[in-house]
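In: Compute the structure for the input listed below.
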Amino acid sequence: MALLFLMRLHHVQLPVRVAVPEELRHVSVLVATGLIEADIGPLSPTGRYASSRVATVLRITEDGLAEIAKMGNAPRFARTSMQFTRGFRLM
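Out: Purely as a prediction, here's the structure:
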C-alpha cells in the first residue's frame, strides 16, 4: 500500500502535508526505504516516545522515481476465458 501512496504523491504538487494516521505510516515506510524525503514532526516535542501527527513530504528521491517507473512498466497479466467444471476459472 505504501507504493500506491507513492504513486499518489507523484501526481501532486510537492511539498505536501500529511496528517491522516494511515498515510503517516506510508510516509514513514517510504522515508525508511529511501523512496521519499519528508519531515515528520512529533505530536509533542517533550514526549520521549511521541507519535507523529503531521509530516511534510518534500520530494520523491531518484530511487522513488525509479520505483514509480518500474510500477508503470509492470506487465499486465492476460485474462483467460477458459472455463472449468463447476464454474472454476483459470486465472
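
In: where does Gly64 land in three-state SS?
Out: helix (DSSP: H, G, I helix; E, B strand; the rest coil).

In: same question, Val12
Out: coil.

In: Relative to Pro42, how far out is it?
Out: Look at Val12 and Pro42: by C-beta to C-beta, to the nearest Å, they are 24 Å apart. Backbone N, C-alpha and C define where each C-beta goes, glycine included.

In: out of the two, which sits in the busier spot?
Out: For Val12 versus Pro42, the count of surrounding residues by other C-beta atoms under 10 Å is larger for Pro42: 13 against 9.

In: Show me what the longest strand seen in the chain is packed against.
Out: Ordering each strand of the chain by length in residues (DSSP state E) puts strand 52-60 first. With contacts taken as 3 or more C-beta pairs under 8 Å, 6 or more residues apart in numbering; DSSP states H and E, strand 52-60 sits against helix 2-10, strand 16-18, helix 21-32, strand 36-42.

In: Identify all contacting residues around the last one.
Out: Identification of contacts with strand 36-42 by C-beta atoms under 8 Å, 6 or more residues apart in numbering yields 6, 9, 18, 24, 27-28, 30-31, 50-61, 64.

In: Equivalent analysis for the third one, please.
Out: Taking contacts as C-beta under 8 Å, 6+ apart, the residues outside helix 21-32 that touch it are 1-2, 5-6, 18, 36-38, 40, 52-55, 57, 64.

In: can you state the direction angle for the least confident helix or strand in the chain by mean pLDDT and helix 21-32?
Out: The helix or strand of the chain with the poorest confidence is strand 52-60; it has a mean of 88 (mean pLDDT, DSSP states H and E). Computed by axes from the mean of the first three to the mean of the last three C-alpha atoms, to 10 degrees, the angle separating strand 52-60 from helix 21-32 equals 50 degrees.

In: So in that sheet, which strands flank strand 52-60, and in what orientation?
Out: strand 16-18 (antiparallel), strand 36-42 (antiparallel) (DSSP bridges).

In: Let me know which of those is the nearest to Ala69.
Out: strand 36-42 (15.0 Å; C-beta to C-beta).
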